[in-house]
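K.L.:
need coordinates for the below:
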Amino acid sequence: MLTDRLKKRLNKDRPMTSITMRIPADVVDSLKEIAPHKGFTGYQTLLKSYISEGLRKDEAQFASAPSARLIEALRKRGVSDSVLDEAVKELEAA
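P.N.:
Here you go, the predicted model:
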């Protein structure tokens with residue numbers, strides 16, 4: 001199931017904003033060299049891809065953090081691993 005946030009990100013017409021970043025020249029040169037090898041037309045597209053990839057990873061980590069803390073708290077209170085595993089599987093299947 002797609003979250004509302006992800007559904008909004010799939011919209012190609014969503015609002016954009018311009019930003020300015022200071023990046024070392026050698027990093028930009030490396031981005032320019034790597035971009036065509038990864039199928040990107042330019043280094044800025046590659047940079048946006050890197051940002052999106054890292055952001056998705058971090059969002060997934062922080063979104064699951066409360067669940068992980070709850071599981072650990074239940075484990076400390078004696079809830080068996082088999083019960084916790086079943087509950088996690090049910091959540092993942094939903």
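
K.L.:
what ranges of this protein fall below the confidence cut-off?
P.N.:
Low-confidence segments of the chain (pLDDT under 70): 1-3, 5-6, 64.

K.L.:
show me where it has its helices.
P.N.:
Taking DSSP state H as the criterion, the chain contains helices spanning 4-9, 25-34, 43-76, 81-93.

K.L.:
which one of those helices lies nearest to T17?
P.N.:
helix 43-76 (12.5 Å; CB to CB). Any C-beta I mention is one placed from the backbone N, CA and C, and that applies to glycine too.

K.L.:
returning to that earlier point: how about the helices of the chain, which one is nearest I19?
P.N.:
Among those, helix 43-76 sits nearest to I19 (CB to CB), with 10.5 Å.

K.L.:
and the helices of the chain as JSON lines, adding distance to T17?
P.N.:
Shown next, in JSON lines, are the helices of the chain (distance: least, CB to CB, whole Å):
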{"stretch": "helix 4-9", "distance to T17": "15"}
{"stretch": "helix 25-34", "distance to T17": "21"}
{"stretch": "helix 43-76", "distance to T17": "13"}
{"stretch": "helix 81-93", "distance to T17": "35"}
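
K.L.:
now the ones you listed in TSV, with mean neighbour count and distance to I19?
P.N.:
Putting these into TSV (neighbours: other CB atoms under 10 Å; distance: least, CB to CB, whole Å) gives the following:
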stretch	mean neighbour count	distance to I19
helix 4-9	10	17
helix 25-34	12	15
helix 43-76	12	10
helix 81-93	10	36
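
K.L.:
brilliant, that's me finished.
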